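Participant: Let me see the structure of the following:
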Amino acid sequence: MPETIRKTAEPSVAEAQPATSTDAQLFGGALSRTEWSLRGHRNRLFVLCAGSGQIRLSRRAQPISQPLTGPCLLWLPAGEQGVLTIEAGGDGGALAVPDPMLGAAMPTGTAYAPVRDAISRPVLGTRLTLTVARRLTATIGIIGEEAAAGNGLAGADEAIRHHLALVLIALWRVAAPLPAQPRPSPRIIVRSFVQLVDAHMREHWTVPDYAEALGVTADRLNTAVRRATGRTPVDFIHNRLAAEAAILLDGSPLQIAEIADALGFRDAAYFSRFFKRMAGLSPRAYREGLSQRRTLAETSYAAWP
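Facilitator: Model prediction:
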């Protein structure tokens with residue numbers, strides 16, 4: 001029986017970063033079998049360029065055991081638990097991504113809906129060409145370098161999101177298409193809409209833009225959002241934009257014109273009219289009111305020693 005190197009693919013609760021970080025690593029040339037214990041806290045991608053192994057999934061009514069032969073791809077959405085074994089000599093890359101980073105890396109436009117569907121289900125050992133496998137492994141290596149550099153390298157998070165987006169598109173391309181997918185539920189539509197609003201409200205997307213990105217009609221998006229929030233999609237977008245403006249007015253030293261530009265408004269006057277309509281105060285009056293309230297709080301009797 002050859003020796004086995006065991007790896008825990010998800011850190012324990014006691015560790016400093018319990019499944020909240022993006023981790024990437026390359027493996028290859030091991031003289032012993034390598035085993036990963038998968039706890040389901042993060043989304044997992046394994047690319048096997050050469051060699052063989054086996055994936056066993058346990059958290060389901062009927063456990064699954066699937067042999068793997070490189071070059072192939074293994075994708076496990078968060079929640080899937082089991083054990084992955086790579087035999088001695090296996091060569092490839094492994095990637096672990098938490099849900100928030102995965103959402104931030106999702107491509108937009110017409111690719112959003114099919115990519116979302118592709119990553120919502122496991123992909124167990126789909127065959128790749130060696131060229132595609134090597135390209136994916138190289139991308140995993142780049143993500144690993146950026147993640148290791150962290151805050152010490154300018155733009156590391158942006159670079160990670162960019163390369164993750166390339167990985168997701170590659171996964172969509174190689175995943176076996178589903179014959180007839182049911183329409184996304186209203187809950188999924190609303191959750192995805194909220195994520196897209198946070199990502200694109202500064203670009204002032206229209207409701208049809210959001211509907212196209214989600215793969216639904218504007219009418220269906222309007223109905224789902226109204227039922228879930230009591231507001232139209234336009235109202236929801238405007239409220240989020242006004243809330244972001246209030247945060248910047250309250251907590252940043254930016255001038256009002258600079259805040260308008262950061263939020264995608266074509267000029268400061270248009271931004272001021274928008275904010276006054278939403279908040280009942282002009283940006284300047286809102287900021288002055290905050291300043292007065294802080295002064296009162298600092299000079300109140302309750303603040304005295």
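
Participant: Please report the distance of the closest residue to residue 98 other than its chain neighbours from residue 87.
Facilitator: Distance criterion Cβ to Cβ, 6 or more residues apart in numbering; nearest residue to residue 98, sequence neighbours excluded, is residue 42 at 5.2 Å. Just so you know, the C-beta spots here come from the backbone N, C-alpha and C atoms, and that holds for glycine as well. Going from residue 42 to residue 87 by Cβ to Cβ, to the nearest Å gives 24 Å.

Participant: same question, residue 207
Facilitator: 52 Å.

Participant: and if you look at residue 225?
Facilitator: For residue 225 relative to residue 87 (Cβ to Cβ), the value is 50 Å.

Participant: Out of these two, name the residue with the larger neighbour count.
Facilitator: Per other Cβ atoms under 10 Å, whichever of residue 225 and residue 87 has more neighbours is residue 225, with 25 against 16.

Participant: Can you classify the more buried one as helix, strand or coil?
Facilitator: helix (DSSP: H, G, I helix; E, B strand; the rest coil).

Participant: Quick check, it in contact with residue 233.
Facilitator: Yes. If you go by Cβ atoms under 8 Å, residue 225 and residue 233 touch, sitting 4.8 Å apart.

Participant: shared neighbours, the two?
Facilitator: residue 193 (Cβ atoms under 8 Å, 6 or more residues apart in numbering).

Participant: tell me the pLDDT at residue 64?
Facilitator: Note on residue 64: pLDDT of 84.

Participant: and what of the one 3 residues further on?
Facilitator: The predicted structure scores residue 67 at 91 on the pLDDT scale.

Participant: And for it, the neighbour number?
Facilitator: Residue 67 sits with 12 neighbouring residues when counted by other Cβ under 10 Å.

Participant: what's the spacing between it and residue 193?
Facilitator: For residue 67, the distance to residue 193 - Cβ to Cβ - is 40 Å.

Participant: Name the residues of the helix or strand encompassing residue 147 that come out as buried.
Facilitator: Following DSSP states H and E, one finds residue 147 within helix 130-149. For helix 130-149, a neighbour-count test (16 or more other Cβ atoms under 10 Å) marks 132-134, 136-137, 139-140, 143-144, 146-147 as buried.

Participant: can you list the residues you listed in CSV and add pLDDT and distance to residue 121?
Facilitator: Output for those, formatted as CSV (pLDDT from 0 to 100; distance: Cβ to Cβ, whole Å):
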residue, pLDDT, distance to residue 121
132, 91, 20
133, 93, 21
134, 93, 25
136, 94, 19
137, 94, 23
139, 94, 22
140, 95, 21
143, 93, 22
144, 92, 26
146, 89, 28
147, 87, 26
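
Participant: Nearest to residue 75 among the residues you listed?
Facilitator: residue 136 (11.0 Å; Cβ to Cβ).
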